[in-house]
Structure formats: structure tokens, C-alpha cells
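Student: how would this look folded up:
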Amino acid sequence: MSPSKKRKSAPPSEQAPDISITAADQVHLHAAGYDESPERGLVGSMARFRSAPLDFIREVSLHVSGTGWRSYDKIVGQPIFYSGFSEEMKAKVLSSPMLVTKVRELAAKRAEVEANEGLLGEEAMNGRGVGEKDRRVKRRIQIEESLLEVAESITDNMICKMESKSFIRGAYYLATQLLTRAYHQGVHVSSEEVLRLRAVAEQAAKDKHSIIFLPCHRSHVDYVSLQIICYRLGLALPTVVAGDNLNMPVVGAFLQHAGAMWIRRSFGDDQLYTTLVQAYIDTLLANGFNLECFVEGGRSRTGKLLPPKFGILSYMLDSVASGRVEDAIICPVSTQYDKVIEVDSYISELLGQPKPKENLMDFLSASSVLSLKLGRVDVRFHEPWSLRKFVSQQHDRFSRLPQKLDLKDERLRILRTLGYKVLSEINDVSVVMPTALVGTILLTLRGRGVGKTELIRRVEWLSERVRAQGGRVAHFASLPTSVVVERALEVLGPGLVGLVPGLPEDTYYAVDRFQLSFYRNMTIHLFILQALVSAAMYTKVKLGGGPEYQRISYIELHDQVHFLSQLFRGEFIFPTEGLDVNLAKTIDGLEADNVIKVTRSPEDHSKVEFVELSDTERETGRENYDFYCFLIWPFIEASWLGTISLMMLAPPIGTSGEVWLDLKKVQDRAQLLGKTLYHQGDLSYFEAVNKETLKNAYTRFEEEGMILVTKSKDSKLPSTIRLADEWTPARNSANGAIIARGSLWAFAEKISSSRREGKNRRDGKTVQSRVLDLTDVVGETLWEDAVLGLEGVEEGRAEVARAKMRGRGRRKTMGVAARL
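Tutor: Numbers count the residues shown, from 1 in each chain. Here you go, the predicted model:
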């Protein structure tokens, strides 16, 4: 496309109609999308026992008796829910050649150890005079029998036990009632995607291939909604890989009989357990049973996709790549919510509160589920594909590389490609919910609040931009945007979005920006490239003055975009074409949208020389450019905070030797530093102090060699951290203050060049000294603990050491107070 031509937003493509599943156990086809009748019918059905007890009893009896589709007899997939299913599965796992081989190997090693330690004397064999070789064989057999008993117990606790159809009918009815009481607009799917999935399932059933559902993970509701959809549409329920933290009394058994398989959160070096998990995965896939696993591992506390976790994914890949399983079908799944039921607890965790233990009553309490109106759930299915074909394609690709990879490196690359391919496809089919649109707009506008007219206009603009980026917006049907916005505001509630009373126009403002950021993060993946380019341009735009002072050369733009993209490579999923291609496409797109103006070389029109804001964008108050900046600024702030917090790791003067600090304590103090900087005006976004983003920043720093981290195999011992020598800042020999220069400070300054301008941002040396002194004050307890741990001094000497450290801290604090 010629740069001179202005791109018009393409009209939204025709979407297949939605299907909604409601608490009345009805499936509604929404030919035009959103429809009010299911909601009205749903509200009535929830009062059925009080208003129409006979209808209520009749509906329950249909589930108990299994009438019609409720019988769940003619499912698409392998037979499940019959008496003896669990014992058959357990027998297949325990007879797995892989497991038998591993048991013999472990038993032989243990018998060898006992023999070398002299533990296989005749007394150990009940006094029978047998030779050493015979004693070893007998002892090995005893150990094998013991290991098989342990394996049987572990398998019984791990495998799903889908035994009873009457049980699953009741479980479906209960789950649907609970889910659709909370999400009163029902569960929505795309009719086209469901028909495609059913066709794939029918072929997979004939071939005895499993469908591996790989959903994103934002809520415990994720697996409930997918199970409900599979049940209602007649697909074999998948076995759900679940952490044993959910294996609570009563609830654990209930979920296990509904399809959950329990695995430990960490396998450690337990070879028997690792082999058992692989054997069970092999058994499920070899026999064509469907499987469900969350590719991100745990639930996302931030609203955006997390990097893939490769644990269980590697077991599935090995099953097929090894040839033990012929093939399996991968189906990425996106589950989106108008409002996520656990967001309140997520915010507490992100702010540093300990994660509460899973508790059934918290989830089922009236305040959590039964009395809420949280809108709707949208579940979307990507087109399924063959895992065998994927592995073959990747193997062929790697075999053509000039430098051949060994089998281990190739496997790791295939596994990594698999994880990110699934995440990318989840993003491709995800829909943007009305609450995400409203939350995004509220957090990307300047000023305290926004009038309703302006809010509606910007929601319409954002909807168009989402579609232009290839994204999907939840069906609005013929409803005007004003109604959609009102529904979103109602679901978000006054705890998140406030209404200023007594004004000529309804004016809304963000009450809880931290929690709203969860919904903003549901849209950021669509605009991450535009956001990075805008943040890179901001290094010049923030300088002010005339347009000629705010333009940025392509070389400078490329450098800063490259820096930022590397900084956030663990935070976001980028297109795979590479930096140069992505940057060129983004510049063309922003130019076509009239956000920027591009100066190209007269000799080579494809060569960009300068980029600046367009005249139109300046005249409209930079609203579109600012939108992209506001999306990325909280993450830039978090990375800057993470970098500044590393200054705490600079050893105080007089410290000798390598001192390692407790990693968790360092990250906790980094959060405290961030909260202090925010309240003192040196940090613009409170979201920047969230624990997950800081952890991602530290991971990035470790990858770059800025910090060194040691992790013990013993989970009881904490991970430790220290600065790499070349990244350790110098201190002033006179007063011990950190000097604002060196590699770490330069790194922080490069991040800071794209930070949002705010209070105290241009104070120069005053800011440097204030922030760095505060960093020392916040980090002093880390060094107190480290000094005491290293010296191992008795109580009296320890108190002296603490007094010295506190005295140093008081002097620093007084210096900070004087400057403030």
C-alpha cells in the first residue's frame, strides 16, 4: 500500500452467531449476537423453586432420570462414566512398559547401594545361607514390590475416576446452576467453532485420537465452563490436569469423579512419580481419551496471557514424538469474562499478600457466587490441528539448519515453539469483552474522569481498532453502544468505576485503577507493537517545543524499540516476523491511521528517515497516540522500578566477600520501595508495584546476566541473589552513597527515557539522590540479615551489628528528609 493512501478501517467481518447456555438448561442461538431474552428467562428460572416448584422438581427429575440429551449416552469420543473405568485405567498405567522398566531400574540401584553398604548380610535374609548374588536378587524383588505398592497408591490418588453417569448428570446440573447464577448472561460459544469442533471430534473418535484442549487460565471457572460445554454438546469430557492444591476434603473427590487428575505442584527429583505421570498421559492419549491442560500453568493474576509452562506440555509432546502415541489433536481455547470472579484476591496477591489456601466456602459463599451478576462467559475454540504433523514439520525445519542440533536441543526448541504457538492462537480467537473495552478507555484517558458521551465515542473507536488489528469484539447485536457501555459499567460496579453525582452529564472515573488494569490487560496484546513505537517516540515528544524538536530519527527509533522489545520479551507475545518487519508494518499502520507523519528518503522511498506526530494527531490533543502510550507506561514503570530496586544489592562499604541475599525478601522490599516512590510522586502507576510484573523483570535481569540467582533443590531453602560484578554500582567512599553512574544506572536511564513525565521527573540530581538514598534505606534490613547470617555471631555481637546498621540507616534517612 502506498504510504500516501490513508487506510480505512475495514468493516467488521461477519461473525458466526453465538450460542449461549443458560441456567434453564437451554441452548439459545443468537443470530445477531447479544439478545435480552435469555437473560430475562434466566432470571425467572433462578426463582423457579419459589415461584414454580413443580417446574423446578420436573427439571431436577429429568437430570436424575437422564431424559433426552441429559442421559449423556451417545457421546462423541471414547466410552467414559461406566463402572470399573477407574480400575481399568489404573491397571493400564501400572502395566506400562515404561513404568515397569523404571521400577526395575530403581530397585536395582537401591539393591546395589545396600549391597555396597553391607546391608544385605544373611541376617537380613532371615538367616538363610544364600550367596551374595541371590541375596541381591531377592532384595531387588522386595524393593520392586514395595515400589509397585507405592506406585499403585500414587496412581489411585492421581487418576480421574469417571465412574457414574448419574453422578455426572447431577454434577452438570449443579455446576450449571452455580455458574449461571454468577454469570447471569450465560456461557457463549461460536456456532461455527462448535460445529467444526464436533466434526473434528467425530473423526478423532474414529481414529482413537485424543483432543487436547489447551485453554488460557484466568479463573477456576475456566474448566467448569469447558466441561459444561462438552457435556451439553455431547462431547466426551476431558480429563483435566489440576494441581493438588485443589484436592480439598469432599471437593477433591467430587472433582476427581468429574474428570480431574491431581498432580503435585512440583515433582522434584522423584523419578517414580515423574514416570507415573508420563505413563498416565501415555495411557490417556493412546486410548483416545480427551485431555485438558492449562498452557500457562497457574491462573493469570494480571489479565494478560502468561508465558507458557512446559511441564505437562512436555509429557504430551513426548508421548507423540516418541511414537508411543500415534497422534493427538491440539485445540487452543480462549475463555473470556465480563468480570473475573477472583480478581479481588488477585489484587491482594499482587500487592504482596500471601496467597490464601484454596477454600470451598470462599468460592461458594453468597457474596462470591450466588448473589452476583457478572455478565457472561465467552469460550472460543481455535481450529484444531495434529500434534504429529506439527512435530514432523518442526523436525524438517530444524533438519534444514546449517548447524545441526542434537536431539535434546531440538526437543527443547520444538517444545518452546509449541507453547508459544498455542498462546498466539489463543490470542487469535479471544474476544474483547465490553468490560475490557470500558476498563481500557478509562485507564488510557488523561484527566480525572470522562463524560458518558466521550466514553461511548472512545469505546466505538477502540472496537474499530480491535477489529482492524484482526481481533474480535464480543457480539453487540443491534444494541446501541450506549447500552453495551451501561451493561459493562453495571458489571464492573461502583467499586471499580465511580459516577460523579450532580453534574450536567454523567461523568465516570476509575475508583480502583489497579483492579481495572486487569481488564485493560485483556486488550494490550492487540496493540503491543504500536505501544512500543509510541513509547520510543516519547523520548522526543516529552521534550516539548515545536514539531521539529519532537521528531525522532529512524535509527534512534529502531534502537529504542529494540531495547523495549527485549525488555518485555517475557511479558508479551510478539509476532514472529522479526523486529525490522514488525517495525516497518507498525510505522505503515500508524501512518495510515494518521497518528504519525513519516519522512522518507528522496532517493529510496521505502527508507524511513524521521518519524513524528501527524498534524491531525496534534490538533486532536494526541488522543490516539496517548492511548498507545498509556497501555505500555505501567509496564515501563515496573521495569524501571525493578532496575532501581537492584541498587539495594550494592554492598555497603566495608562488606567483604560475596554476599548473597534472600531473593524473596529482595522482591518484597522492591515492592515496598515502589509503594514509597508512588506515594512520593516518583512513580506514576501503582500497578507497577505488582508482584508478577516485578518477578518478570527479575527474570529478564537474570537472563541478561545483570543478577546471579541460586536455587536450591531443597524447597525449604530460599533462593538467593546478588548483582553481577560488572553491574554493581560504585559508592562514595566519604558517605557511602550510591553513585549515579555505571552500567546499572545507564540501563535504568534508558528505560526512564520512555517513562511518562510526571511530578519531580525533571529535577535531575535531586531526583537521583532522593531515589538512590531511599533505595538504600529500604534495602538496609536485607544487609542486616545477610551480615548476621554470614557472621553467625552470638546474641550480644548481633545486637551491636544491628545498632551499627540502624545508625547508618538513620543518617541516610536524615539526609533524605533534608532534601525533601
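Student: dump the residue contacts of S534.
Tutor: Contacts of S534 were listed using CB atoms under 8 Å, 6 or more residues apart in numbering, and they are 625, 628-629, 632. C-beta: built from backbone N, CA, C; applies to glycine.
Student: does it count as helix, strand or coil?
Tutor: Under DSSP: H, G, I helix; E, B strand; the rest coil, S534 falls in the helix class.
Student: and it, what pLDDT?
Tutor: S534 carries a pLDDT score of 97 in this model.
Student: how about it: what's its closest non-neighbour residue?
Tutor: Spatial nearest neighbour of S534, excluding adjacent residues (CB to CB, 6 or more residues apart in numbering): Y628 at 3.9 Å.
Student: can I get the CA coordinates of whichever strand or helix holds that neighbour in CSV?
Tutor: When secondary structure is defined by DSSP states H and E, Y628 falls within helix 623-645. Taking Å, rounded to 0.1, in the frame of the first residue of the first chain, the C-alpha atoms of helix 623-645 are listed here in CSV:
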residue,chain,number,x,y,z
GLU,A,623,-5.6,11.2,22.0
ASN,A,624,-4.8,8.2,19.8
TYR,A,625,-1.0,8.4,20.4
ASP,A,626,-1.6,8.8,24.1
PHE,A,627,-3.8,5.7,24.1
TYR,A,628,-0.9,3.6,23.0
CYS,A,629,1.5,5.2,25.5
PHE,A,630,-0.9,4.7,28.4
LEU,A,631,-1.1,1.0,27.5
ILE,A,632,2.6,0.4,27.9
TRP,A,633,3.6,3.0,30.5
PRO,A,634,2.7,0.9,33.6
PHE,A,635,5.0,-1.9,32.3
ILE,A,636,7.8,0.6,31.6
GLU,A,637,7.4,1.9,35.2
ALA,A,638,7.5,-1.6,36.6
SER,A,639,10.8,-2.4,34.7
TRP,A,640,12.3,0.9,35.8
LEU,A,641,11.3,0.1,39.4
GLY,A,642,12.8,-3.3,39.1
THR,A,643,16.1,-1.9,37.8
ILE,A,644,16.2,0.8,40.6
SER,A,645,15.5,-1.8,43.2
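Student: what lines up beside the next helix-or-strand element following it in the sheet?
Tutor: Counting by DSSP H and E, the element after helix 623-645 in chain order, helix or strand, is strand 661-662. Sheet pairing of strand 661-662 (DSSP bridges) gives strand 720-723 (antiparallel).
Student: check which element follows the strand or helix carrying L148 along the chain.
Tutor: Using DSSP H and E, L148 sits within helix 132-158. Using DSSP H and E, the helix or strand that directly follows helix 132-158 along the chain is helix 165-182.
Student: show me what counts as buried in that following helix.
Tutor: Buried residues in helix 165-182, defined by neighbour count with 16 or more other CB atoms under 10 Å: 165, 168-169, 171-173, 175-176, 178-182.
Student: swap in stretch 234-254?
Tutor: By neighbour count on 16+ other CB under 10 Å, the buried set for stretch 234-254 is 235-243, 247, 251-252.
Student: for stretch 103-115, same thing?
Tutor: Result for stretch 103-115 [16+ other CB under 10 Å]: buried residues 103, 106-108, 110-111, 114-115.
Student: remind me which residues of the stretch 101-250 of the chain are low pLDDT?
Tutor: The model of the stretch 101-250 of the chain has pLDDT under 70 over residues 121-132.
Student: please repeat the previous calculation with a cut-off of 90.
Tutor: Low-confidence segments of the stretch 101-250 of the chain, defined by pLDDT under 90: 111-139, 164-192, 220, 232-234, 243-250.
Student: likewise for the stretch 551-700 of the chain?
Tutor: Using pLDDT under 90, the flagged stretches of the stretch 551-700 of the chain are 569-571, 573-578, 603-606, 653-659, 680-682, 691-693.
Student: quick one: which of the buried residues of stretch 234-254 sit in helices?
Tutor: Counting by DSSP state H, the part of the buried residues of stretch 234-254 found in helices is 251-252.
Student: and of the buried residues of stretch 103-115, the nearest to Q530?
Tutor: L106 (54.8 Å; CB to CB).
Student: and for the residue nearest to S534, the neighbour number?
Tutor: Y628 has 25 neighbouring residues, counting by other CB atoms under 10 Å.
Student: again, but for V581
Tutor: V581: 11 neighbours (other CB under 10 Å).
Student: CA atoms of the one helix or strand it maps to as PDB?
Tutor: Using DSSP H and E, V581 sits in helix 579-592. These are the backbone C-alpha positions of helix 579-592, laid out as PDB (Å, rounded to 0.1, in the frame of the first residue of the first chain):
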ATOM      1  CA  LEU A 579      12.000  -6.600  14.600                       C
ATOM      2  CA  ASP A 580      12.600  -5.000  11.200                       C
ATOM      3  CA  VAL A 581       9.500  -6.400   9.600                       C
ATOM      4  CA  ASN A 582       7.300  -5.700  12.600                       C
ATOM      5  CA  LEU A 583       8.600  -2.100  12.900                       C
ATOM      6  CA  ALA A 584       8.000  -1.400   9.200                       C
ATOM      7  CA  LYS A 585       4.400  -2.700   9.400                       C
ATOM      8  CA  THR A 586       3.700  -0.800  12.500                       C
ATOM      9  CA  ILE A 587       5.000   2.500  11.100                       C
ATOM     10  CA  ASP A 588       3.000   2.000   8.000                       C
ATOM     11  CA  GLY A 589      -0.100   1.300  10.000                       C
ATOM     12  CA  LEU A 590       0.200   4.300  12.300                       C
ATOM     13  CA  GLU A 591       0.900   6.500   9.300                       C
ATOM     14  CA  ALA A 592      -2.200   5.100   7.500                       C
END
